[in-house]
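J.: sequence first, then the predicted structure, then my questions.
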Amino acid sequence: MIALLTYKGILVLVIFVITLAVAAYSTYAERKVAAFLQDRIGPDRAGPFGLLQPLADGAKFFFKEEIIPNVSNKTLFILGPCIAMMTALMAGVVIPWGDTIISGDNTYALQITDLNIGILYIFGVVSIGVYGIMIGGWSSNNKFSLLGAIRASAQMISYEIAMGLAIIALIMMTGTLSLREISLQQAGGIGNHWNMWNVVYQPLGFLIFLVCAFAECNRTPFDLPECETELVGGYHTEYSSMKLGLYLFAEYINMFISSAVISTLYFGGFNFPFMNNLGLSHNWITVIGAIFFFSKIVFFIFFFMWIRWTIPRFRYDQLMNLGWKMMLPLAIFNIALSGLISLLFKS
């Protein structure tokens, strides 16, 4: 029991450090991807190839002057970014980062906790994250911040509905809410135990989930809550120092977690092709699977950035029309289609 608790504590610490490191270096990757797409060099001053740029940015955030407006609600002003950061970090505890490691008579899963309602847990935590943005905008006592917070809340709540309906179709097919079980159902791939990833069975559901993930993370073309041309800086206009850094970090952590969830639900999670035909031990398969899983996550993070520097943002009415008049009907259609196909195959 003590060994298990120690292992869980180490795993929590490792995932926490990896999450912060990915969030920090996503800012570096964003600038490099933008520079590549715009035929520029990007960061190249802080360290070799600019690799120390995230550390310089972090030091800048910590040492900048911290300003709290006199007319703000100071308690809520501080609480807002804390909620945004905390909920972003909490979402990673149910994601299976790999299979299991066998050591003697003990088996250790590369997952902090395997909830049988893992998907519902993630939706619940993401929903709480809306409060962090709303509280931050309202407590600033700034009309532009409040408008940005209202935009963010309306956008995230609207697209959560379509995202949830897309997940319902997947649950109808898999019969479980556990992220680990969904990953294990996609094991095998190409080889003796032939199987396909869920994206083959749910292509429309994946497309809906992907679009909604962009909206949930406030990424272009859905970055209306912080549209500089209309709102100065959006819901975090009045924030400075590390409080602003927490909001920015939370956005990148949400992008990382969204990429992990997409990889788990639709692209096999820690499974990879020919995994059952390599003749390797279970532990080595687990290690390679974890590497493949993080490779999928890196690809989707790059995809988030690629879209940001390729497509202009929507107008707000276009954004809401897409959510309510296109994504929602498509998600309902996908549920009906999935149910019909399931009945036909069973019969």
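T.: Great, that's in hand. Residues are numbered from 1 along each chain as shown.
J.: use CA for all of it now, contacts and neighbours both
T.: Noted.
J.: quick one: the strands in the stretch 51-200 of the chain?
T.: 100-103, 106-109 (DSSP state E, counting those that start in this stretch).
J.: Thr27: which of the ones you listed is closest?
T.: strand 106-109 (30.4 Å; Cα to Cα).
J.: part of a helix, is Thr286?
T.: Yes: checked against DSSP: H, G, I helix; E, B strand; the rest coil, Thr286 lies within a helix.
J.: that one against Thr100, yeah?
T.: Yes: under the criterion of Cα atoms under 8 Å, Thr286 makes contact with Thr100 at 6.4 Å.
J.: packing partners for the top helix by length along the chain?
T.: Using DSSP state H, we find that the single longest helix of the chain is helix 2-37. Applying 3 or more Cα pairs under 8 Å, 6 or more residues apart in numbering; DSSP states H and E, one finds that helix 2-37 contacts helix 53-63, helix 241-266, helix 282-308.
J.: quick one, phi psi at Asn276?
T.: phi -90, psi 0 (degrees, to the nearest 10).
J.: report the separation between it and His282.
T.: Distance of Asn276 to His282, given as Cα to Cα, to the nearest Å: 10 Å.
J.: comparing the two, which residue is more hemmed in?
T.: Asn276 (19 against 13; other Cα atoms under 10 Å).
J.: any idea how far the more buried one lies from Phe294?
T.: From Asn276 to Phe294 the distance is 20 Å (Cα to Cα).
J.: and if you look at Val200?
T.: 21 Å.
J.: between those two, who's got more neighbours?
T.: Phe294 (19 against 11).
J.: enumerate every residue touching the more buried one.
T.: Residues counted as contacts of Phe294 (Cα atoms under 8 Å, 6 or more residues apart in numbering) are Ala260.
J.: rerun at 10 Å
T.: Listed by Cα atoms under 10 Å, 6 or more residues apart in numbering, the contact partners of Phe294 are Trp97, Gly98, Phe256, Ser259, Ala260, Ser263, Gly269, Phe270, Phe300.
J.: neighbour-wise, which of the residues you listed leads?
T.: Of the contacts of Phe294, with other Cα under 10 Å as the count, Gly269 tops at 32 neighbours.
J.: point to the helix or strand of this protein where mean pLDDT is at its lowest.
T.: Using mean pLDDT, DSSP states H and E, helix 228-231 stands out as the lowest-scoring helix or strand of the chain, at a mean of 60.
J.: mean confidence score for the longest helix of the chain?
T.: Mean pLDDT, helix 2-37: 87.
J.: repeat that for stretch 162-182.
T.: 91.
J.: if you count neighbours, what's buried in it?
T.: 162-171, 173-174, 176-182 (16 or more other Cα atoms under 10 Å).
J.: what about Phe270, distance to Leu147?
T.: Counting by Cα to Cα, the gap from Phe270 to Leu147 is 41 Å.
J.: actually Ala35, not the one I wrote
T.: 31 Å.
J.: next one: Asn70
T.: Asn70 is 20 Å from Leu147, by Cα to Cα.
J.: out of these two, which sits in the more crowded spot?
T.: Each of Asn70 and Leu147 has its neighbours counted (other Cα under 10 Å); Leu147 has more, 20 against 9.
J.: shouldn't the more buried one be in contact with Ser140?
T.: No: in this structure Leu147 lies outside contact range of Ser140 using Cα atoms under 10 Å: 11.2 Å.
J.: which neighbours do these two share?
T.: Shared contacts of Leu147 and Ser140 (Cα under 10 Å, 6+ apart): Tyr235.
J.: list the residues that contact the most centrally placed residue in the chain.
T.: Centroid check for the chain by Cα atoms, centre = their mean gives Ser258 as the closest residue, at 2.1 Å. For Ser258, the contacting residues are 91-92, 122, 209-210, 213-214, 216-217, 252, 264, 297, 300-301, by Cα under 10 Å, 6+ apart.
J.: just send those residues back as JSON lines, with pLDDT and distance to Met156 too.
T.: Formatted as JSON lines, the contacts of Ser258 follow (pLDDT from 0 to 100; distance: Cα to Cα, whole Å):
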{"residue": "Ala91", "pLDDT": "89", "distance to Met156": "16"}
{"residue": "Gly92", "pLDDT": "88", "distance to Met156": "19"}
{"residue": "Ile122", "pLDDT": "92", "distance to Met156": "14"}
{"residue": "Phe209", "pLDDT": "94", "distance to Met156": "13"}
{"residue": "Leu210", "pLDDT": "94", "distance to Met156": "14"}
{"residue": "Ala213", "pLDDT": "92", "distance to Met156": "9"}
{"residue": "Phe214", "pLDDT": "91", "distance to Met156": "10"}
{"residue": "Glu216", "pLDDT": "87", "distance to Met156": "5"}
{"residue": "Cys217", "pLDDT": "86", "distance to Met156": "8"}
{"residue": "Tyr252", "pLDDT": "92", "distance to Met156": "16"}
{"residue": "Thr264", "pLDDT": "93", "distance to Met156": "22"}
{"residue": "Ile297", "pLDDT": "95", "distance to Met156": "22"}
{"residue": "Phe300", "pLDDT": "95", "distance to Met156": "20"}
{"residue": "Ile301", "pLDDT": "94", "distance to Met156": "19"}
